[in-house]
Structure formats: C-alpha cells, structure tokens
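Q: I'll drop the sequence and a predicted model, then ask my questions.
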Amino acid sequence: MKLEDVNSIGILGAGVMGGGIAQCAILAGKKVMVRDLTDEICNNAREVILNSRFGFNGAIQLGKMTEESRDAAMSRLSLTTDVHDLKDCDLIIEAIGGGDDGAIENKPMKLKVWAEMDEVVNKEAAFASNTSFFTIADLAAVTQRKDRFIGMHLFSPANIMKLVEVTRTEDTSEDVVQLIVDLTKSWGKTPILLKDVPGDTGFVGNRIMKAVRREADKLVEEGVGTREDVNLAMTLGFRWPAGPYPQGPNARSGWK
C-alpha cells in the first residue's frame, strides 16, 4: 500500500489526540472518519478543530488559512459512534486515552478495540497505534494482521508538534513502514523510525523524559534545590526551551 492508495483514514478516539490527528489528515487532503462513544464527544471534537487555540478559525484570523481551505478540509471530516462506519477505511489510527483510574492510556481497552477492529475493517487496511508507552507487538498480537500493524506516536498537540515516532515490530512489513513515513511527511512532520521492544517501556521521547523527571524528583527530595531551581538550571544552563517541571497554576504532568 502506498500513500496514494489511502483514500480514507479511520481514527479511534475523538479526544485531544484523535482530534488533532484528524485535523492533520483532513488538512492534507485525506477523508477522515473519527469514531467515539457519544455524539457529545464527537461534536466537541468538531468544535475543537474549528475553534480551539490551534483551530482552523484561529488560523483564518491570523491569515494562515482561508475560509475556502477550511471548508474544504471540514468537508472531508465525518464523525460517528458506529464502529462499522470504519469498515472500508484504508488506515486505522488508534488514539484511545485512559480510563477512570487517571492513567494516560488504557492497555486492556486498546487490546479490546483492536481485536474488534480486526473483525470489522477490511483485511487490507493498515493499523497504527498512537500509544506513547505500550509495546506495539502486544497490541498487534490480538489481530490477524501483525504485518500491517505499526506504532505512530504523535506528540500533543498533534496538529502543531513536528515529531512522529514510527515504531515497527519484527513483523511489520516494509510497505506499511514506508506508508506511515510518507504519511507523516505529507503532514509536514518529521518521522524517526524506531524498533519495538517488550516491556511497555515507551519510546525515545518518553523514556528520556521519564529518566529526567526521576532525577529531578531526587534533587528536590534531597533538598538540593526546588522545582524552580531545577527548571532554571536546565533552561539557562543547558538552553532547554522548558524545564522538566510544568509551570503555572493549572499545569499538569503525566509523569509519575
């Protein structure tokens, strides 16, 4: 399968990541079907794509987009609560978040959904998970298309951040790897091609940041310095654009 063979993309999850991925795809000229559990979630995703901080209407106000290009992009977007509406998609991208336990991602839910999608979606379609943490081979194992399964981790917000971690398993076919690399580039992003490893250890970005936060937490716990000191040391001393600790009263971090 080549990029030009992908006529429609199905996206599982209409949250922040799913909506951002959809925004990338429709802007690049692909038809997209986003699926989530309720009409309310789907309608909110459409509103975010149009009117959020990085939405199309804001881009129009900044002169970075025309109303015509916005309307053309939105005409390529469909949202649904029916999983069977994705059956003819050529590529499925999963962007399912966490559950009620506060975890960023829910592996059992991803496994359940991928097994279901394998039964629903045409057998030639490729599957890509946006997971930032779980071993790709584990997700692929519940399907009958291990050779057509790959990791495609975009950073948040997906429609702004430029890096994509493309993670292949031992079974992923070369044409699927090339497809995701080409798709990533068509969205104006930069892919890095990674090897899948067992253990749910995450990929390059998250593994390094987890180690950074672990050491930063030790420094604070030992009384060497405050969080603010650590941030200043890394931004002023090493010219990082931001320190390891989020700033502001509403800032959150996914690191435990």
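A: Received it, and whenever you're ready, just let me know what you need.
Q: quick one, helices of the stretch 151-256 of the chain?
A: 174-186, 204-221, 227-237 (DSSP state H, counting those that start in this stretch).
Q: quick one: low-confidence residue ranges for the stretch 1-150 of the chain.
A: Low-confidence segments of the stretch 1-150 of the chain (pLDDT under 70): 99-102.
Q: mind running it again at 80?
A: Where the stretch 1-150 of the chain drops to pLDDT under 80, the residues are 98-103.
Q: in it, which spans are helices?
A: So, for the stretch 1-150 of the chain - with DSSP H, counting those that start in this stretch - the helices run 16-27, 39-51, 56-61, 67-75, 107-120, 136-140.
Q: out of those helices, which gets nearest to D217?
A: Across these, D217 has its closest neighbour in helix 107-120 (24.7 Å, Cβ to Cβ). Bear in mind the C-beta positions are built from the backbone N, C-alpha and C, glycine included.
Q: report the buried residues of that closest one.
A: Across helix 107-120, burial judged by 16 or more other Cβ atoms under 10 Å covers 107, 110-111, 113-114, 117-118.
Q: adding distance to A126, write the residues you listed out as JSON lines.
A: Formatted as JSON lines, the buried residues of helix 107-120 follow (distance: Cβ to Cβ, whole Å):
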{"residue": "K107", "distance to A126": "21"}
{"residue": "K110", "distance to A126": "16"}
{"residue": "L111", "distance to A126": "18"}
{"residue": "V113", "distance to A126": "16"}
{"residue": "W114", "distance to A126": "13"}
{"residue": "M117", "distance to A126": "11"}
{"residue": "D118", "distance to A126": "12"}
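Q: quick check, nearest of those to N43?
A: The closest of the buried residues of helix 107-120, once distances to N43 are taken by Cβ to Cβ, is V113, at 21.2 Å.
Q: what would the helices of the stretch 1-150 of the chain look like in TSV with distance to R239?
A: Below are the helices of the stretch 1-150 of the chain laid out as TSV (distance: least, Cβ to Cβ, whole Å):
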stretch	distance to R239
helix 16-27	28
helix 39-51	33
helix 56-61	30
helix 67-75	36
helix 107-120	36
helix 136-140	33
